[in-house]
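All I have is the shape, not the residue letters:
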């Protein structure tokens, strides 16, 4: 996937997801936050501006995304020169052993659908569960698995509702505004599978939030799940 194409595709998650997730993180008064699957670090930077005396760690498995994240962070740091703590974000190139117990909050936006197998889901969730401090939270946002066959403002898929129980099914997602759409491949995990994977990884769900696409009466396009360690 072209990193620049994905960044510029016009996805509306900044309006749909970011405010609620940001407020949920900040309500815990965290000092150390991990943005796992950070993209170009725009959400990590939002958090860093609001967390006092803390640090946000940004990670993405795509090296091109990490490059874009470093560029964005560098540009913001230059514009904020002289403002103490204005840009306390660090990009890391791989999950680290010393992440164990390292973070008060982990955010994971649009990542779960990228995992191809049940084993990959459990392995990664287990890593993130271990990275939480006592009382820490993992906030995971996914395109709503119950409504993947619906068309939303800035994404649509070729997923068929008959495949809802067929976990691990690949499907194409067309992201962005008409004329600027990019195509990515995701993998379907229904609610039962996601809860089973989280439980196996040592997590328990604390809160669910269904995010409307912004128009009255419209179905939720995104689902956020807040987990704590079991």
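Yep, that arrived. If you're wondering where the values come from, they're calculated on a predicted model, not measured in any experiment. Numbers count the residues shown, from 1 in each chain.

Can you list the residue ranges for helices in the chain?
3-7, 13-16, 18-26, 42-50, 63-79, 118-130, 191-200 (DSSP state H).

Distance-wise, check the residue nearest the centre of the chain relative to residue 178.
Centroid-nearest residue in the chain: residue 109, 1.1 Å away (criterion: CA atoms, centre = their mean). The spacing between residue 109 and residue 178, counted by CB to CB, to the nearest Å, is 23 Å. C-beta: built from backbone N, CA, C; applies to glycine.

same deal with residue 56?
For residue 56, the distance to residue 178 equals 34 Å [CB to CB].

correct me, but residue 213 touches residue 17?
No: applying CB atoms under 8 Å, one finds residue 213 not in contact with residue 17, separated by 11.0 Å.

buried sites along stretch 12-31?
Neighbour-count burial for stretch 12-31, counted by 16 or more other CB atoms under 10 Å, picks out 12, 13, 16, 17, 18, 21, 22, 24, 25, 30.

Tell me who's in contact with the residue lying closest to residue 140 once chain neighbours are set aside.
Distances taken as CB to CB, 6 or more residues apart in numbering put residue 108 closest to residue 140, at 4.6 Å, once the chain neighbours are dropped. Residues in contact with residue 108 (CB atoms under 8 Å, 6 or more residues apart in numbering) are 36, 37, 128, 138, 139, 140, 141.

And those, which of them are buried?
Neighbour counting with 16+ other CB under 10 Å marks 36, 37, 128, 138, 139, 140, 141 as buried within the contacts of residue 108.

between those, which is closest to residue 94?
Lowest distance from residue 94 to those (CB to CB) belongs to residue 36, with 11.8 Å.

So what sits opposite that closest one in the bridge?
Beta bridges link residue 36 to residue 59, judged by DSSP bridges.

Next up, the contacts around it.
Neighbours of residue 36 in contact, by CB under 8 Å, 6+ apart: 59, 106, 107, 108, 111, 128.

now the nearest residue to the fifth one once chain neighbours are set aside: how far from residue 145?
This points to residue 111. Spatial nearest neighbour of residue 111, excluding adjacent residues (CB to CB, 6+ apart): residue 37 at 3.7 Å. According to CB to CB, residue 37 and residue 145 sit 17 Å apart.

which sections of this protein are below the confidence cut-off?
1-10, 80-87, 214-217 (pLDDT under 70).

looking at it, residue 226 is touching residue 205, isn't it?
Yes: assessed by CB under 8 Å, residue 226 is found in contact with residue 205 at 7.1 Å.

Overlap in contacts, the two.
Common contacts of residue 226 and residue 205 (CB under 8 Å, 6+ apart): none found.

how many neighbours does residue 193 have?
16 (other CB atoms under 10 Å).
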